[in-house]
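Colleague: what's the 3D shape of this:
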Amino acid sequence: LHCCGNNYRGDVGADMYQLSVHEFVPITHDSNHWFACDIVGDGIISNHTIVVSNHPHANLYAFGSNRRGQFGNYYSDAFSESNYVPVPILSSEQHHRTLFLHERIIKIQCGEYHTLFLTNGGHVFAAGDNLYGQCGIHESDAAQQLQQAAQRPKKAYLPVTLVKDLRHIIDIASGAYHNL
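Modeller: Below is the predicted model of the structure:
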């Protein structure tokens, strides 16, 4: 994976603390290994990227802005608003599998402050800011998720949550504050 461009909040993910990166640079997993990934979720307006890396096994990583919880992880205090290198999210492979109903993520879409995940079973999951309903979570379901999130020290944005009304979905797309 290689990136270039605006790096204000770590958008490039290349462990560089400079505003602009003017050439494609490799994303590194650590100082010695390039970052290999299978699925990349990004968006035209988003300031974050979520990737699935199956090297050595299925893991989710994110870099860039997590300003409104779009990484979907409140189980760790290891995340800052700006993440300049890929950070593992959803702490373990087992947690990842359980959270996504033992299904494999096949597509990721990033809005400005939210993220959608599509699984091979046709389920959609959402995370981040649901202010305009862009996560597709009903207010009653969102209230329950936000109440649980509020018990944690970070702001109350949605953790990764199943969008219950959607089944047998084959594709997803995301805008800044809306989804298809």
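Colleague: can you give me the helices for the chain?
Modeller: Here the chain has its helices, by DSSP state H, at 93-99, 139-150.
Colleague: lowest-confidence stretch among these?
Modeller: Lowest mean pLDDT within the helices of the chain: helix 139-150, at a mean of 58.
Colleague: For G121, which non-adjacent residue is closest in space?
Modeller: Of all residues not flanking G121 in the chain, E103 sits nearest, at 4.2 Å (C-beta to C-beta, 6 or more residues apart in numbering). Backbone N, C-alpha and C define where each C-beta goes, glycine included.
Colleague: if I pick that neighbour, what's in contact with it?
Modeller: Residues near E103 by C-beta atoms under 8 Å, 6 or more residues apart in numbering: 119-121, 123.
Colleague: And for H114?
Modeller: 68, 70, 126-130, 134-135, 158, 174.
Colleague: and those residues as JSON lines, adding pLDDT, neighbour count and distance to K107?
Modeller: Shown next, in JSON lines, are the contacts of H114 (pLDDT from 0 to 100; neighbours: other C-beta atoms under 10 Å; distance: C-beta to C-beta, whole Å):
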{"residue": "R68", "pLDDT": "81", "neighbour count": "19", "distance to K107": "21"}
{"residue": "Q70", "pLDDT": "85", "neighbour count": "28", "distance to K107": "16"}
{"residue": "A126", "pLDDT": "92", "neighbour count": "29", "distance to K107": "13"}
{"residue": "A127", "pLDDT": "89", "neighbour count": "28", "distance to K107": "14"}
{"residue": "G128", "pLDDT": "88", "neighbour count": "28", "distance to K107": "16"}
{"residue": "D129", "pLDDT": "86", "neighbour count": "20", "distance to K107": "20"}
{"residue": "N130", "pLDDT": "84", "neighbour count": "24", "distance to K107": "20"}
{"residue": "Q134", "pLDDT": "86", "neighbour count": "21", "distance to K107": "17"}
{"residue": "C135", "pLDDT": "86", "neighbour count": "29", "distance to K107": "16"}
{"residue": "L158", "pLDDT": "82", "neighbour count": "26", "distance to K107": "19"}
{"residue": "S174", "pLDDT": "88", "neighbour count": "24", "distance to K107": "10"}
